[in-house]
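J.: when you get a sec, could you give me coordinates for this:
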Amino acid sequence: MSISTLPVPQGRNFDPLELYAAAIDTSDYAARVVPVVRRLVPEIGVLLDVGAGGGQLGAALQDRRSGWSAIEPSPTMRARLERLHSPPRIVPCGWEAADVAPAAHDTVLAATMPALFEHPEVFLARCQAWARRTVVWVVPAHPGPRGLCFAGCLPSRWHGEDETPGIDIVLRGLSPDLRPQAIAFTDWTFSGVVRDLGALSAYLCDRLGWPKTDGRRFELAAHLAAQAQPDAAGLRLNIPRKSAVFVWGKS
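T.: Numbering: from 1, shown residues only. Sure thing, here's the model as predicted:
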């Protein structure tokens with residue numbers, strides 16, 4: 001695709017959570033992460049997914065004989081969870097306010113959510129209180145941006161985000177006696193299918209705070225177009241990723 005085929009990059013509205021969830025739907029994230037979790041935790045039992053988002057991991061890991069619950073503050077993501085073939089019982093709030101009975105779930109799962117980076121010890125204590133047997137965290141282990149969806153397609157001079165691997169941030173925030181008992185890694189590809197590349201380009205430019213007259217808008221549009229691969233549903237943007245699976249067991 002050439003620059004001339006792209007619309008003039010102007011502001012469009014995207015829900016950032018829906019944008020990320022839709023890309024996870026078309027990525028191999030769950031297909032790569034779930035086998036690693038199951039190898040470390042063969043029996044999931046009753047599952048609590050904290051900050052479940054679109055529920056891709058929880059839906060794949062749940063034991064349908066036991067059921068599962070999801071803590072999710074976003075109405076958009078709760079609507080996604082409700083549409084799943086086997087939806088969870090939804091706790092409609094953030095983890096800090098969640099009223100969940102202690103030790104009521106065999107496995108507590110949390111994947112790539114702010115609490116892992118911002119309050120790891122406090123959040124771990126909460127997860128361990130909720131868990132009867134096991135706590136599982138899925139943490140980004142690749143260098144790269146974490147805040148802006150599709151920022152991994154951009155050079156750092158544009159997105160300006162901290163590219164420290166998430167695993168380093170999380171482990172720095174945990175004292176030695178709270179480190180996970182097991183850690184395993186898996187590679188996967190963040191692979192988003194975009195129907196309107198110009199709209200995505202405009203959204204990224206707006207999130208970066210670039211004025212409508214900024215010439216970098218056209219550079220960014222061309223940069224995305226050069227990476228995009230044809231897909232039956234539009235254009236696909238691929239970003240290599242690595243995740244770490246942390247596991248804590250309770251005796």
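
J.: may I have the phi/psi pair for residue 244?
T.: Phi and psi for residue 244, reported as degrees, to the nearest 10, are phi -110, psi 140.

J.: got a list of what the closest residue in space to it that isn't next to it in sequence touches?
T.: Using CB to CB, 6 or more residues apart in numbering and skipping residues adjacent in sequence, the residue nearest residue 244 is residue 141, 4.2 Å away. Every C-beta, even on glycine, is put in place using the N, C-alpha and C of the backbone. By CB atoms under 8 Å, 6 or more residues apart in numbering, residue 141 lies in contact with 165-167, 185, 242-244.

J.: what's the answer for residue 39, then?
T.: In this structure, residue 39 makes contact with residue 184, judged by CB under 8 Å, 6+ apart.

J.: pLDDT at it, what is it?
T.: Residue 39 carries a pLDDT value of 98.

J.: in what helix or strand does it lie?
T.: Element membership of residue 39, judged by DSSP states H and E, is helix 29-40.

J.: how about residue 230?
T.: strand 229-231.

J.: ok, residues contacting that strand?
T.: Strand 229-231 is touched from outside by 193, 235-238, with contacts defined as CB under 8 Å, 6+ apart.

J.: so who does the residue most central in space within the chain touch?
T.: Closest residue to the average C-alpha location of the chain: residue 112 at 4.9 Å, with CA atoms, centre = their mean. Taking CB under 8 Å, 6+ apart, we find residue 112 in contact with 138-140, 146, 166, 243.

J.: just the buried members of the contacts of strand 229-231?
T.: Buried members of the contacts of strand 229-231, counted by 16 or more other CB atoms under 10 Å: 193, 235-237.

J.: so which of the residues you listed belong to strands?
T.: Secondary structure from DSSP state E places 193, 235-237 of these in strands.
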